[in-house]
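[1] Below are the sequence and a predicted model for it; my questions follow.
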Amino acid sequence: MTIKIAIFGVGLIGGSLALSFKGKPGITVVGHSHSAEALQQVKDRGVVDIATLSFEEAAADADFIFLCVPVSQLEPYLHRLSSLKLKPGCIITDVGSTKATVAACGEAITLPEVYFIGGHPMAGSERSGVAAASTFLFENAYYVLTPSSKVPKEVYKRLEDLLVYTKAHIVRVEPELHDEIVGAISHLPHIIAVALVNQVCDYNDKNSLYRQLAAGGFRDITRIASSDPVIWRDILLSNREVLLELLKDWKNHMDEFLEMLMNDDGTGIVEAFDKANRFRSELPERRKGAISSLYDLYLDVPDTPGVIGHIATELGIRQINLSNMQIIESREDVPGVMRLSFRQEGEMERAKEHLLTLGYTVYL
Ligand SMILES: NC(=O)c1ccc[n+]([C@@H]2O[C@H](COP(=O)([O-])OP(=O)(O)OC[C@H]3O[C@@H](n4cnc5c(N)ncnc54)[C@H](O)[C@@H]3O)[C@@H](O)[C@H]2O)c1
Ligand SMILES: O=C(O)C(=O)C[C@]1(C(=O)O)C=C[C@@H](O)C=C1
């Protein structure tokens with residue numbers, strides 16, 4: 001018996017889910033796109049078995065339906081699905097970054113033997129579109145599910161069993177609590193990153209040295225400011241009430257720094273950094289936790305021809321599997337920083353040891 005999985009919105013998240021399921025025994029993945037242009041990209045990338053523009057064709061006979069569209073589209077998509085004759089036993093789920101509104105809408109929709117379970121994989125990227133999809137995106141990440149009390153246990157279990165293919169860790173959370181927590185650890189940081197980049201952008205309009213000198217610290221804290229504007233408009237507006245409170249708290253934290261600086265309060269500054277340091281070091285390890293599914297190491301590389309090839313060859317000879325390599329900073333006369341990404345921690349450790357013996361400066 002074949003299991004049909006329909007994915008509506010085959011972008012970064014939908015495409016990555018499709019890649020997790022495609023080719024698994026007895027599974028057919030059908031992708032729905034809302035435009036011919038998006039459909040063509042999905043076909044070109046080959047992440048689904050069947051790609052279609054027809055909403056009805058994608059939904060017909062589906063055992064699982066994943067809604068992977070922008071947050072503002074989740075409710076219209078749910079309403080549209082509720083007007084169709086879906087397969088009895090069908091589970092509809094979504095991947096939206098907020099859960100309260102869609103969970104309420106999912107609960108209100110009563111189709112015989114069709115169930116809604118809200119979902120949110122806690123993994124992603126500042127990139128968007130199917131071109132950025134990855135088979136490994138969810139590996140070791142947390143994947144939140146927010147079933148209502150009406151969802152039978154065996155139905156929840158069926159979704160949980162399917163999500164094993166993502167290699168994520170499933171966590172069950174109430175939708176409202178989810179939005180409060182994710183507001184603080186994901187939505188607020190995106191606002192802060194964007195505001196900070198725009199602040200510096202305004203200074204840079206008067207003096208372009210700002211952009212030239214912006215280095216590691218600025219890049220580290222602002223990567224997520226490059227995220228898709230429409231996806232984030234929808235997320236922030238959907239979690240508006242939570243964010244209004246969080247921004248008030250944020251202002252208080254900024255006021256504390258203002259005061260410490262005005263009062264020359266060195267002790268206060270040290271305490272603030274110490275506290276942050278302690279909490280941050282207790283975060284789930286990158287490799288086991290939310291955001292990254294890769295093991296990264298960084299090394300200084302001279303800006304000379306052949307250096308990339310040399311490193312790749314050295315690792316290749318030792319059969320160390322490199323998943324990605326990227327030059328992060330490369331300016332004339334300044335050593336570049338290279339990021340090497342591995343899928344296995346052991347591979348990263350072996351690479352580190354070998355690169356150290358070759359005389360490279362390596363950071364984790
Ligand atoms: N980006 C992340 O890091 C991340 C992480 C977890 C969850 N999410 C959630 O996943 C969902 C998809 O986000 P994504 O990052 O994959 O975005 P994306 O832009 O990569 O993909 C969105 C998909 O929705 C389709 N779509 C359908 N109707 C659309 C419309 N009216 N406007 C725009 N696109 C439309 C697009 O064709 C595209 O395939 C969102 O609900 C988002 O909140 C995002
Ligand atoms: O790593 C990133 O770029 C992300 O923005 C991922 C991130 C996050 O903020 O942690 C973004 C939105 C999601 O809903 C979940 C994960």
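    Structure received. Ligands and ions are numbered 1, 2, ... in the order given.

[2] Grab the nearest non-local neighbour of Asp265.
    Closest residue to Asp265 apart from its sequence neighbours, by C-beta to C-beta, 6 or more residues apart in numbering: Glu259 at 7.3 Å. Where you see a C-beta, it was placed from the backbone N, CA and C, and this is true even at glycine.

[3] Who are the packing partners of the host helix or strand of that neighbour?
    Using DSSP states H and E, Glu259 sits in helix 240-262. Secondary-structure packing of helix 240-262 (3 or more C-beta pairs under 8 Å, 6 or more residues apart in numbering; DSSP states H and E): helix 188-206, helix 266-281.

[4] gap between it and the chain center?
    Centroid separation for helix 240-262 versus its chain: 26 Å, with C-alpha atoms, centre = their mean, to the nearest Å.

[5] What average pLDDT does that helix get?
    Mean pLDDT, helix 240-262: 98.

[6] do that helix and ligand 2 meet?
    No - Helix 240-262 is not in contact with ligand 2 by C-beta under 6 Å from any ligand atom; minimum separation 13.4 Å.

[7] Pull the residues that contact that helix.
    179-180, 183-184, 187-188, 191-192, 236, 265, 268-269, 272 (C-beta atoms under 8 Å, 6 or more residues apart in numbering).

[8] Kindly reformat the residues you listed as TSV and extend each row with pLDDT, neighbour count and distance to Cys68.
    Shown next, in TSV, are the contacts of helix 240-262 (pLDDT from 0 to 100; neighbours: other C-beta atoms under 10 Å; distance: C-beta to C-beta, whole Å):
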residue	pLDDT	neighbour count	distance to Cys68
Asp179	98	25	19
Glu180	98	17	23
Gly183	98	25	21
Ala184	98	16	24
His187	98	21	19
Leu188	98	19	24
Ile191	98	18	23
Ile192	98	17	26
Leu236	98	20	19
Asp265	98	15	48
Gly268	98	15	45
Ile269	98	13	43
Ala272	98	15	39
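
[9] show me the contacts for Gly9.
    By C-beta under 8 Å, 6+ apart, the contact set of Gly9 is 32-34, 67-70, 73.

[10] Which of those ranks first by neighbour count?
    Counting neighbours by other C-beta atoms under 10 Å, His32 comes out on top of these with 30 neighbours.

[11] List the contacts of it.
    Here His32 is in contact with 6-10, 51-55, 58-59 (criterion: C-beta under 8 Å, 6+ apart).

[12] got the angle between the helix holding Glu259 and helix 266-281?
    140 degrees (axes from the mean of the first three to the mean of the last three C-alpha atoms, to 10 degrees).

[13] how big is the angle separating helix 240-262 from helix 188-206?
    60 degrees.

[14] Could the C-alpha coordinates of helix 240-262 be exported in CSV?
    Taking C-alpha atoms only, helix 240-262 is exported to CSV below (Å, rounded to 0.1, in the frame of the first residue of the first chain):
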residue,chain,number,x,y,z
ARG,A,240,1.9,40.4,17.6
GLU,A,241,0.5,40.4,21.2
VAL,A,242,3.4,38.2,22.4
LEU,A,243,6.0,40.4,20.6
LEU,A,244,4.6,43.7,22.0
GLU,A,245,5.3,42.4,25.5
LEU,A,246,8.7,41.0,24.6
LEU,A,247,9.7,44.3,23.0
LYS,A,248,8.8,46.1,26.2
ASP,A,249,11.1,43.8,28.1
TRP,A,250,13.8,44.3,25.5
LYS,A,251,13.6,48.0,26.0
ASN,A,252,14.1,47.5,29.8
HIS,A,253,17.2,45.5,29.1
MET,A,254,18.6,48.2,26.8
ASP,A,255,17.7,50.8,29.6
GLU,A,256,19.8,48.7,32.1
PHE,A,257,22.8,49.0,29.7
LEU,A,258,22.2,52.7,29.3
GLU,A,259,22.2,53.2,33.0
MET,A,260,25.3,51.0,33.6
LEU,A,261,27.2,53.1,31.0
MET,A,262,25.9,56.4,32.3
